[in-house]
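Trainee: What follows is a predicted structure for the sequence shown.
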Amino acid sequence: MPRSQPAAADSAGVSHAEMANAIRALAMDAVENAKSGHPGMPMGMADVATVLFTRFLRYDAADPEWPNRDRFVLSAGHGSMLLYALLYLTGYPGMDIDEIKRFRQLGSKTAGHPEHGHAPGIETTTGPLGQGLATAVGMAIAERIWNARLGADVIQHHTYVIAGDGCLMEGISQEAITLAGHLGLGRLIVLFDDNGISIDGPTALSTSEDQIRRFEAAGWNAASVDGHDPAAVAAAISRAHADTSRPWLLACKTVIGFGAPKKQGTASTHGSPLGADEITAARERLGWPYPPFEVPEPVLSAWRAAGRRGAGERAQWQARWEALDGGVRARFEHPAGAVREALRGAIDEAKRKAAAETARRAIRQWSELALEHLVPVLPGLIGGSADLTGSNNTKTRSQAVIGKGDFSGSYIHYGIREHGMAAAMNGLALYGGLIPYGGTFLVFTDYCRPAIRLSALMRQRVVYVMTHDSIGLGEDGPTHQPIEHLASLRAMPDLNVMRPADGVETAECWELAVEPGDTPTILALTRQAVPNLRTTHTDENLCARGAYVLREPEGRRDVTLLATGSEVGLAVEAAEALAREGIAAAVVSMPCFELFRQEPESYRLAVLGEAPRIGIEAAVAQGWHEWLGDGGVFVGLSGFGASAPAPALFQHFGLTGDRVVETARTIVAKSG
């Protein structure tokens, strides 16, 4: 049966105002000490946060990874001192007063914006406005998935978000709130810091939206509340707890920089230190006579009691968890050994079937066939597409669709919400036990890019299935044909960009994408059919090395052809033609530059060889010169595509075997 909410903390005679003012003082002091930061939001939302963390939030500061904890996301990440103050005050491990004093300093846990992994209690990296809200939607979906799979006695909790005006102005917020409303995520509660101020001044300068009506139109419950009236805030959250039929927006009317006599309610408190004189005056107004960074023992003790208030509930939950069958727990915990063993068998079977195929297929179709092997053995896989399921080939026969009131499936129709999908997948990954993958066209990574960047920054295992990866998509034309996208994605740190060439490589790339690890993956897949190149089974995952020799001529190398994806087949065709002319051409498939870069230099040199090199890819040249060396030549594109059938486009833009042959003749003659 569902568990009750932990009791409110015993403040032992300490008032709400004193506890809230501890947050305000720490925010003022830390920003002033750093000479940088945003004191206004923490001061304005201190009352709301105090009510939430002392009376409603289910957590145990001593166990920040408790699976059934409520998730708290500070979407307005510029107000990071609100979160850091709460983590220090409630006693999260590693967040001591010295870290508060080191706010925004090199190597501190208290970065300018919250960064996941820097300190326990930071559920996600925020700062790019709206990302936290959209990521929290993914967390709320994950909570419902695990509730459906494990039962309310094991997983049932809320996801809370503090969002500001900026979060709600960003376009991603519309994608996020409409998805949440459509799915009826009734345990998602957004606390809107409705202070009416942005950097330029009053928000009336740039917006006149009625957020209450906007959220209601998206299928939410919504209400306004005085954010400085703790009883009213508590009543509003209690009301949200009582009705979980829809997600909730609680618009908390606050004064930015609350307590700063001259600056509160103005844009000057948003992103600058208050200054020594204003801080002195604020201390007087707030009745906080203590020196900088000092929290009196009774107030700190009351906060530490709040941090322990969920310990009993957490202990009871732990007993229930340990009483579960080990196989049930493993579904959530995903032990690495078991995952790799399941993967090994599924990928081996997929590779054998692919190697035996003679028909030409699109790489997106090979991807679907790989998923047919993976989904049954990896229940943590949660698929989806931004309204392109049939084009991305992301849904397998066995997957049921997740929908309002039924989260027992493993596939999400995200609608035309590429950015919201990408951010939600970050939330699914951060929650635990799930491996999200979602599809759209490669060109629309432009819509997803801020969330992809956060996947990489947070080192989350998220798989982006990006099909229609070149001019090979054909008639839809240059608006839909990615040209610069592979280069721009390869420029992003800690992101693996994989462009497989055939069915075997596709299975191997899927294995690399979903195996236990901490790197997100872009799978760039063709729309058009390509030949199957690897027709002999190998146990080794050759793509794991990033690049390998697919075709080695006997005796010598006159030229090395380097290619990815659909152009590997073109390179093989050219190598065969060159052989008939007596030119010995090796073919190197390079499905993942990033993995190849990590290989020892001796391996890289052996693969690339000493002969002149030609790079072949239906994209721009940026990034290729690292592999081509002095005198190397790139055969690809330098401008946008056009609308025509794919074969005509490859001919028109010179991406043909004949051009590669001609280029090879020239480069070999020069080297000779």
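Mentor: Thanks, I have it. Small disclaimer: the values here were computed from a predicted structure and weren't measured. Numbering: from 1, shown residues only.

Trainee: Give the next helix or strand downstream of the helix-or-strand element of the chain with minimal mean pLDDT.
Mentor: Counting by mean pLDDT, DSSP states H and E, the chain has its least confident helix or strand at helix 326-333, which shows a mean of 86. Next along the chain after helix 326-333, taking DSSP states H and E as the criterion, comes helix 336-355.

Trainee: elements contacting the helix or strand following that next one?
Mentor: Downstream of helix 336-355, the first helix or strand assigned by DSSP H and E is strand 361-362. Here strand 361-362 touches strand 529-530, going by 3 or more CB pairs under 8 Å, 6 or more residues apart in numbering; DSSP states H and E. Any C-beta I mention is one placed from the backbone N, CA and C, and that applies to glycine too.

Trainee: average pLDDT for the strand it packs on?
Mentor: Averaging pLDDT along strand 529-530 yields 96.

Trainee: counting contacts, what elements does that strand pack onto?
Mentor: Applying 3+ CB pairs under 8 Å, 6+ apart, we find strand 529-530 packed against strand 361-362.

Trainee: quick one: contacts of the strand it packs on?
Mentor: Residues outside strand 361-362 that contact it (CB atoms under 8 Å, 6 or more residues apart in numbering): Gly503, Leu525, Thr526, Arg527, Gln528, Ala529, Val530, Asn532.

Trainee: quick one: which of these is nearest to Asp29?
Mentor: Of all the contacts of strand 361-362, Asp29 sits closest to Leu525, with 52.2 Å by CB to CB.

Trainee: sorry, back to before: the least confident helix or strand of the chain: how far from the chain's middle?
Mentor: 24 Å (CA atoms, centre = their mean, to the nearest Å).

Trainee: Just the angle for it relative to helix 336-355, thanks.
Mentor: Inter-element angle recorded for helix 326-333 and helix 336-355: 80 degrees (by axes from the mean of the first three to the mean of the last three CA atoms, to 10 degrees).

Trainee: from now on call the first residue 48
Mentor: With the count now opening at 48, the last piece we talked about shows up as helix 373-380.

Trainee: who's in contact with helix 373-380?
Mentor: Contacts with helix 373-380, where a contact means CB under 8 Å, 6+ apart, come from Pro114, Trp193, Arg196, Leu197, Trp368, Ala385, Pro426, Gly427, Gly479, Gly480.

Trainee: Now the fifth one: which helix or strand?
Mentor: To tie it back to what came earlier, the one meant is Trp368. Counting by DSSP H and E, Trp368 is found in helix 358-370.

Trainee: Going by residue numbers, what spans are strands in the stretch 398-547 of the chain?
Mentor: Along the stretch 398-547 of the chain, counting by DSSP state E, counting those that start in this stretch, strands occupy 408-409, 428-432, 458-460, 482-488, 510-514, 543-545.

Trainee: Let me have those strands in TSV, adding distance to Ile661, mean neighbour count and mean pLDDT as columns.
Mentor: Putting these into TSV (distance: least, CB to CB, whole Å; neighbours: other CB atoms under 10 Å; pLDDT from 0 to 100) gives the following:
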stretch	distance to Ile661	mean neighbour count	mean pLDDT
strand 408-409	25	20	98
strand 428-432	36	25	98
strand 458-460	41	23	98
strand 482-488	28	27	98
strand 510-514	26	27	98
strand 543-545	21	26	98
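
Trainee: what about those, which gets the closest to Trp295?
Mentor: That would be strand 458-460 among the strands of the stretch 398-547 of the chain, by CB to CB, at 21.5 Å.

Trainee: Return the distance of that closest one from the chain's centre.
Mentor: Using CA atoms, centre = their mean, the offset of strand 458-460 from its chain centre is 17 Å.

Trainee: same deal with stretch 505-522?
Mentor: 15 Å.

Trainee: Ok, stretch 541-555 next?
Mentor: On the basis of CA atoms, centre = their mean, stretch 541-555 sits 20 Å off its chain's mean C-alpha point.

Trainee: do the same with stretch 100-108
Mentor: Taking mean C-alpha positions (CA atoms, centre = their mean), stretch 100-108 and its chain are 26 Å apart.

Trainee: List the residues that contact the closest residue to Ile244 other than its chain neighbours.
Mentor: Using CB to CB, 6 or more residues apart in numbering and skipping the chain neighbours, the partner closest in space to Ile244 is Ile303 (4.7 Å). For Ile303, the contacting residues are Gly87, Met88, Met90, Gly91, Asn242, Ile244, Gln311, Gly312, Thr313, Thr316, His317, by CB under 8 Å, 6+ apart.

Trainee: Quick check: closest non-adjacent residue to Pro547.
Mentor: Using CB to CB, 6+ apart, the nearest residue to Pro547 is Thr553, at 4.3 Å.

Trainee: Now for the one you found, how many residues are close by?
Mentor: Around Thr553 there are 30 other residues, counting by other CB atoms under 10 Å.

Trainee: relative to helix 358-370, how tilted is the least confident helix or strand of the chain?
Mentor: 120 degrees.

Trainee: Quick check: buried residues in helix 373-380?
Mentor: For helix 373-380, a neighbour-count test (16 or more other CB atoms under 10 Å) marks Phe379 as buried.

Trainee: How about stretch 305-322?
Mentor: For stretch 305-322, a neighbour-count test (16+ other CB under 10 Å) marks 305-307, 310-317, 319-321 as buried.

Trainee: Narrow those residues to those in helices?
Mentor: Nothing among the buried residues of stretch 305-322 maps onto helices, per DSSP state H.

Trainee: hang on, the earlier thing: can you name the residues that contact the residue nearest to Pro547?
Mentor: So Thr553 contacts Ala401, Ile410, Trp413, Ser414, Leu416, Ala417, Pro547, Leu570, Leu572 (CB under 8 Å, 6+ apart).

Trainee: which one among those gets closest to Ala594?
Mentor: For the contacts of Thr553, the nearest to Ala594 is Pro547 (12.2 Å; CB to CB).

Trainee: so what pLDDT did the closest one get?
Mentor: We note a pLDDT of 98 for Pro547 in this prediction.

Trainee: Distance-wise, check it relative to Gln412.
Mentor: Taking CB to CB, to the nearest Å as the measure, Pro547 falls 12 Å from Gln412.

Trainee: picking that back up, grab the two from the contacts of Thr553 that are most spread out in space.
Mentor: Ala401 and Leu570 (15.2 Å).
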